[in-house]
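**Q** need a 3D model of the sequence below.
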Amino acid sequence: MAESRRLVPNDDISGADRVVWDQTASSPAPSPAAVLWDMDGTLVDTEPYWIATEFELAAEYDAHWSEALALQLVGNDLLTSGRFIQQQMGLALTPEEIVERLLDGVVARLAESVPWRPGARELLADLRAAGVPCALVTMSYERFAAPIVAALPPGSFQTVVTGDRVEHGKPHPEPYLTAAAELGVDPSRCLAIEDSDTGCRSAEAAGCTVLTVPNHVPVPGGGRRVVRSSLLGLSADRLGALVL
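**A** Next up is the predicted model:
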């Protein structure tokens, strides 16, 4: 852990992970080597799109589904979710077919509106201006991530790791290890931004510090996690103090 941790006073950091303001600090901590972004629920709030599409699938096959079941899928890779839906709904479709059906519905909704999370685009722009490399690390597939990346200024992400590019999805460390390797940085000097326990476990296992911003489901603190209620007000020059 760094000897001096610096944030503005009264920053919204919770529980045991609270970062204490160091009034003797004369200069900001170095920026992270890279910032590795989760997508669903972190950069964009697409969980309602997924849930609505799942309910449509259930209605088509007269199957049972609930919001409680839907929330169990937050942060999982798509094939794991497809298998869960297959079992819960009793569908004759394969997990791969279920995933493609879900992607069709969510991508169609994205074409109408991209639901950005508060403060995400502003922080991403500030990191770009500061020269801090960023990666998108999502368990969604490339055809879902592509329109979101295309809606951002060019160069916002130096690499994009999607669920169809890795053998092991979150909570396995492979997605974050892949992103750090493609950026040429040490994972221990990276800050991951996540909204789910599954994603946090993946990033922690890769050696990253995790800025945890819970959204639809609660996320426990502890370990290498710093919990914050929002990305609003964060900037590149303040993220270095979070890297443990």
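**Q** which parts of this structure belong to which domain?
**A** Structurally, the chain divides into domains by automatic domain parsing as follows: 15-45+116-242, 47-112.
**Q** if I average pLDDT within each of the ones you listed, which one is lowest?
**A** Within the domains of the chain, confidence is poorest for domain 15-45+116-242, with a mean of 89 (mean pLDDT).
**Q** how far away from the center of its chain is that domain?
**A** 6 Å (CA atoms, centre = their mean, to the nearest Å).
**Q** wait, doesn't Thr46 sit right on Trp116?
**A** No - in this structure Thr46 lies outside contact range of Trp116 using CB atoms under 8 Å: 10.2 Å. C-beta here means a position set from N, CA and C on the backbone, and glycine is covered the same way.
**Q** the two: who's more crowded?
**A** Thr46 (22 against 16; other CB atoms under 10 Å).
**Q** give the contact list for that one.
**A** For Thr46, the contact set (CB atoms under 8 Å, 6 or more residues apart in numbering) comprises 39-40, 106, 110, 115.
**Q** who's in contact with Ser235?
**A** Counting by CB under 8 Å, 6+ apart, Ser235 touches 123, 126.
**Q** if we go to 10 Å?
**A** By CB atoms under 10 Å, 6 or more residues apart in numbering, the residues touching Ser235 are 8, 28, 119, 122-123, 125-127, 129-130.
**Q** strands of this protein, residue ranges please.
**A** For the chain, the strands defined by DSSP state E cover 34-37, 134-137, 159-161, 190-194, 209-212, 225-227.
**Q** buried ones in stretch 152-171, by neighbour count?
**A** Neighbour-count burial for stretch 152-171, with 16 or more other CB atoms under 10 Å as criterion, is recorded at 152, 156-164, 166, 169-171.
**Q** do I have it right that Leu78 meets Glu97?
**A** No - using CB atoms under 10 Å, Leu78 is not in contact with Glu97, being 11.8 Å away.
**Q** more crowded one of those two?
**A** Neighbours were counted for Leu78 and for Glu97 using other CB under 10 Å; Leu78 has more, 25 against 13.
**Q** point out the most buried one among the domains of the chain.
**A** domain 15-45+116-242 (a mean of 19; mean count of other CB atoms under 10 Å).
**Q** tell me the contacts of the nearest residue to Pro220 once chain neighbours are set aside?
**A** Spatially, and ignoring its direct neighbours in sequence, Pro220 is nearest to Asp197 (6.4 Å; CB to CB, 6 or more residues apart in numbering). Contacts for Asp197 (CB under 10 Å, 6+ apart) come out as 74-75, 170-171, 212, 214, 217-220, 225.
**Q** so can I have JSON lines of these showing distance to Ala146?
**A** Putting those into JSON lines (distance: CB to CB, whole Å) gives the following:
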{"residue": "Val74", "distance to Ala146": "22"}
{"residue": "Gly75", "distance to Ala146": "21"}
{"residue": "Lys170", "distance to Ala146": "20"}
{"residue": "Pro171", "distance to Ala146": "24"}
{"residue": "Thr212", "distance to Ala146": "26"}
{"residue": "Pro214", "distance to Ala146": "27"}
{"residue": "Val217", "distance to Ala146": "26"}
{"residue": "Pro218", "distance to Ala146": "31"}
{"residue": "Val219", "distance to Ala146": "27"}
{"residue": "Pro220", "distance to Ala146": "32"}
{"residue": "Arg225", "distance to Ala146": "30"}
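**Q** alright, calling it a day.
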